[in-house]
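Visitor: Provided below for reference: sequence and predicted model.
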Amino acid sequence: MTLTPFASYSNPILLYKYPISKRWPPDRAEPAREVAEIEGFDSMEPMNARSAEIVEVCLLAGKIMLENGGETYRVEDTMIRIASAYGAEGPQSFVMPTGIMFAIEGSESATRLVRISQRSTNLNKVTEVNDISRRIAGGHLRPEEACRLLKEVQRGTPVYPLGVQLVLAALASGCFLILYQGTWADMPAAMLCGGTGFWLLGRVAKLSSIRLFGELIAALAVGLLSYLVVRLGIGQQHSTIMIASVMPLVPGLLITNAVRDLMAGHLVSGISKGAEAFLTAFAIGAGIGIALTLNG
Amino acid sequence: MIADYISQSVASFVGTACFGVIFQIPKRSLMQCGLTGMVGWLVYYGLDQGSAGPIAATWASAVLIGLIAHYQAIRFKVPVTVFSVSGIIPLVPGGMAYDAMLRVVQNDYMSAVELGAKAFMLSGAIAVGLVFSEVVNQLVKRARAGMSRAGG
């Protein structure tokens, strides 16, 4: 948007902002210096670019957080903090699990929309963006630098490679077996089933874009495998092994985030995340149910 | 008895930390995450073994996990989710939901509904516990802000 000199006559806000003595055309008696000042105001391009830059940094930060399991209220809060730190006027953000809208008001207003299609869990990235937003709020980062850092975070690889995750998911199943009053002798069986379930979840999720299908197949496999393991004599208590092995599939992050979003007044996000958690739990239950039925 | 508590604490510590890895929490927070889960689980386990019912035990444990998570989040400058998310996993009523599912498959709908309602109440207790800790946290923050204003 460029501000033409004559607009100042018709626009009451601009009249208020730039008092009579600075209006165009200047009185003949006024010194030339004033004209130069007005012409400086005239070219709004650099200010506008800055505004676009702020919006880009905010949206990038919000996108990374939302895609990696940040709570809605945290995403909104971070974006507004960054915008305010850069001196943007009246920043407004509207965040849903599936998209972000962000706007800056004022004379150089800018509005942009970002669609979020893929969501996974990587709390390390959320923490890193949180750190960057802290540094911005402290006034230590310029927009272009922040943008570069955020892009680095976005490209970043998982902290723990898939193999490590797989082994530890299996270990988690073994530990949960103990928590649910299982015997130490059943631990290898639970680890085998839990690891297989977690591995399948990742594989099936890659194959099909339907989210809940992966959980269903993984739970079904865990159920069948736990029967097999008991029949082969590796494990004893069938039900405890099955419950412990299903634990890595439980939508824990969704449950906590849904609750926190509802508390912060983000009803749309809270309810939709709660629905997602419910459906995931239902898919797991259905998989287990099919396995139970197959074994009569 | 004591051996039981030791094995429970080891299992809950390792299990929660493993969940932290699945959620990709930063390496420096893994230890505290495991501790949060361990304390939460021990409180639940102790209360459940004692006279408190499972719902009250779950609620108390969720409140404690929320408070510890808030404290650590401020102390280590990390989002709260990092600590609370894996801490509550052991409390999720997986066993009861499994039993409910089993009854459905066996066409025993009366017991299935009963167990399902219990599982629902337990997950509700986790949610309410988290809400409660958040409220306490806000009150403390406000009281502190008020005190510093009065003092300054």
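Guide: Everything's here; your move.

Visitor: going forward, measure contacts between C-alpha atoms and count neighbours the same way
Guide: OK.

Visitor: Pull out the buried positions in the helix ranked longest in chain A.
Guide: Counting residues, the longest helix in chain A under DSSP state H turns out to be helix A:267-294. Neighbour counts over helix A:267-294 (16 or more other Cα atoms under 10 Å in any protein chain shown) mark A:268-270, A:272-274, A:276-277, A:279-292 as buried.

Visitor: List, out of the residues you listed, those positioned next to chain B.
Guide: A:285, A:288-289, A:292 (Cα under 8 Å from any Cα of the partner chain).

Visitor: Show the contacting residues for the residue nearest to the spatial centre of chain A.
Guide: Nearest to the mean C-alpha position of chain A, by Cα atoms, centre = their mean, lies A:Leu66 at 1.1 Å. Counting by Cα atoms under 8 Å, 6 or more residues apart in numbering or on different chains, A:Leu66 makes contact with A:72, A:75, A:97, A:116, A:119.

Visitor: Specify the next element, helix or strand, located C-terminal of the helix or strand encompassing it.
Guide: Using DSSP states H and E, the element containing A:Leu66 is helix A:45-67. Tracing the chain C-terminally past helix A:45-67 and defining elements by DSSP H and E, one meets helix A:72-85 next.

Visitor: And the helices in the stretch 1-150 of chain A, which stretches?
Guide: A:7-10, A:12-17, A:32-42, A:45-67, A:72-85, A:123-137, A:143-155 (DSSP state H, counting those that start in this stretch).

Visitor: average pLDDT for the first one?
Guide: This means helix A:7-10. In this model, helix A:7-10 has an average pLDDT of 43.

Visitor: How about residue 57: what's its closest non-neighbour residue?
Guide: Went with chain A since none was named. A:Cys147 (5.4 Å; Cα to Cα, 6 or more residues apart in numbering or on different chains).

Visitor: try again with chain B
Guide: Looking at B:Ala57 with Cα to Cα, 6+ apart, the closest residue is B:Tyr44, at 4.9 Å.

Visitor: Was I right to think the one you found contacts B:Ala52?
Guide: No: using Cα atoms under 8 Å, B:Tyr44 is not in contact with B:Ala52, being 9.5 Å away.

Visitor: Tell me the residues of chain B that contact chain A?
Guide: B:7-8, B:11-12, B:14-16, B:18-19, B:21-27, B:78-79, B:81-82, B:84-86, B:88-90, B:94-95, B:97-98, B:101-102, B:105, B:127, B:130-131.

Visitor: Kindly state the beta-bridge partners for the closest residue to A:Thr111 other than its chain neighbours.
Guide: Distances taken as Cα to Cα, 6+ apart put A:Ala103 closest to A:Thr111, at 4.1 Å, once the chain neighbours are dropped. A:Ala103 has these beta-bridge partners by DSSP bridges: A:Gln92, A:Thr111.

Visitor: Now do the same contact list for A:Ala103.
Guide: A:55, A:91-93, A:109-112 are the contacts of A:Ala103 under Cα under 8 Å, 6+ apart.

Visitor: Quick one: low-confidence residue ranges for the chain.
Guide: As the question left the chain open, I've gone with chain A. A:1-49 (pLDDT under 70).

Visitor: Oops, wrong one, chain B.
Guide: B:151-152.

Visitor: Spit out the contact partners of B:Ser61.
Guide: B:40-41, B:43-44, B:129.

Visitor: again, but for B:Met31
Guide: Contacts of B:Met31 by Cα under 8 Å, 6+ apart are B:Ala17.

Visitor: rerun that using 10 Å as the cut-off
Guide: B:13-14, B:16-17, B:20 (Cα atoms under 10 Å, 6 or more residues apart in numbering or on different chains).

Visitor: center of chain B - which residue?
Guide: Central residue of chain B (Cα atoms, centre = their mean): B:Ile88, at 3.2 Å.

Visitor: Surely that one touches B:Ala60?
Guide: No: the criterion here is Cα atoms under 10 Å, and B:Ile88 misses it with B:Ala60 at 11.5 Å.

Visitor: what sits in contact with each of the two?
Guide: Joint contacts of B:Ile88 and B:Ala60 (Cα under 10 Å, 6+ apart) are B:40, B:66, B:126, B:130.

Visitor: Next, count neighbours for A:Glu56.
Guide: Neighbour count of A:Glu56, defined by other Cα atoms under 10 Å in any protein chain shown: 17.

Visitor: Nearest spatial neighbour of it, chain-adjacent residues omitted?
Guide: Nearest to A:Glu56 is A:Cys147, by Cα to Cα, 6+ apart, at 7.7 Å.

Visitor: Mind jotting down where the helices sit in chain B?
Guide: B:2-22, B:30-49, B:54-76, B:81-87, B:94-105, B:109-151.

Visitor: Output those helices as TSV; include the columns distance to A:Glu215.
Guide: Output for those, formatted as TSV (distance: least, Cα to Cα, whole Å):
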stretch	distance to A:Glu215
helix B:2-22	15
helix B:30-49	24
helix B:54-76	26
helix B:81-87	19
helix B:94-105	15
helix B:109-151	20
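
Visitor: Most tightly packed of those helices?
Guide: helix B:81-87 (a mean of 28; mean count of other Cα atoms under 10 Å in any protein chain shown).

Visitor: For that helix, enumerate the helices and strands it packs against.
Guide: Counting contacts by 3 or more Cα pairs under 10 Å, 6 or more residues apart in numbering or on different chains; DSSP states H and E, helix B:81-87 is packed against helix A:123-137, helix A:252-263, helix B:2-22, helix B:30-49, helix B:54-76.

Visitor: okay, those in a markdown table with distance to A:Leu60 next?
Guide: Shown next, in a markdown table, are the helices and strands packed on helix B:81-87 (distance: least, Cα to Cα, whole Å):
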| stretch | distance to A:Leu60 |
| --- | --- |
| helix A:123-137 | 10 |
| helix A:252-263 | 21 |
| helix B:2-22 | 24 |
| helix B:30-49 | 27 |
| helix B:54-76 | 23 |
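
Visitor: Of all those helices, which one is nearest A:Ala83?
Guide: Across the helices and strands packed on helix B:81-87, A:Ala83 has its closest neighbour in helix A:123-137 (9.0 Å, Cα to Cα).

Visitor: what inclination does that closest one have with respect to helix A:45-67?
Guide: Helix A:123-137 and helix A:45-67 are oriented at 150 degrees to each other (axes from the mean of the first three to the mean of the last three Cα atoms, to 10 degrees).
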